[in-house]
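*Asks:* sharing a sequence plus its predicted fold:
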Amino acid sequence: MGVPGLIVRRRQSNAELAARLGRDPATTLHHVRRLVAHGFLVAQPARRGARGSREIPYRSTGLSWSLDDAGRHEPVAEAGLEAFLGEVADVGRAALDQTRLVLRLPPERVAALRAELDELLGRYVAEPVLPAAEPLAVYLALYPGDPPGETDRTAARGTWDTRGQDD
């Protein structure tokens, strides 16, 4: 899971984050400091830890990110996907509202879809943050619908909605 996703709901110290991630505290601190430097986390006033030591809790700034061309940078793409999967694990699958589509579009329509999605998400990102509002996470990934060598699974046209239906 990504560090900002871990501390959206509760401020946590580096030691707490390291324990939750199962990582070395020194390595975690290195990443926490980088996230602070890039505006994803902000340090809070120092507090006394469990053993009386001074610790700095961090909280997420709620800054959103987009990983353009992440597929060209495998560690970046993997970190983004792991953050998403970790956040879903934290909230539980029952809280996940998901849709999967496989479309067949010519290149100009793919470009138009990407532009529309960017514009739509950009409008919501630009809205003021209301203190009483509930956080809502959106993870969007566009990728080839058929793995290489697979047959076309998109022969039928139509839409569907399986929310609320039993398996």
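*Replies:* On my side now, so go ahead. Remember, it's a predicted structure, so these values are computed and weren't measured experimentally. Numbering: from 1, shown residues only.
*Asks:* quick one: the helices in the protein?
*Replies:* For the chain, the helices defined by DSSP state H cover 3-6, 14-21, 25-37, 74-91, 107-125.
*Asks:* count of neighbours near residue 127?
*Replies:* Using other CB atoms under 10 Å, residue 127 has 8 neighbouring residues. Glycine gets a C-beta too; all of them are placed from N, C-alpha and C.
*Asks:* quick one, which of the helices of the chain is nearest to residue 44?
*Replies:* For residue 44, the closest of these is helix 25-37, at 11.0 Å, according to CB to CB.
*Asks:* which strands or helices does that closest one pack on?
*Replies:* Counting contacts by 3 or more CB pairs under 8 Å, 6 or more residues apart in numbering; DSSP states H and E, helix 25-37 is packed against helix 3-6, helix 14-21, strand 41-43, strand 57-60.
*Asks:* now do the buried residues in it.
*Replies:* Residues of helix 25-37 classed as buried by neighbour count (16 or more other CB atoms under 10 Å): 25, 28-29, 31-32, 35.
*Asks:* can you put those residues in TSV and add pLDDT and distance to residue 134?
*Replies:* As requested, these are exported to TSV (pLDDT from 0 to 100; distance: CB to CB, whole Å):
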residue	pLDDT	distance to residue 134
25	86	32
28	82	28
29	86	30
31	81	27
32	84	25
35	80	23
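*Asks:* residue 113 against residue 106, yeah?
*Replies:* No: Residue 113 lies out of contact with residue 106 (CB atoms under 8 Å); the separation is 10.9 Å.
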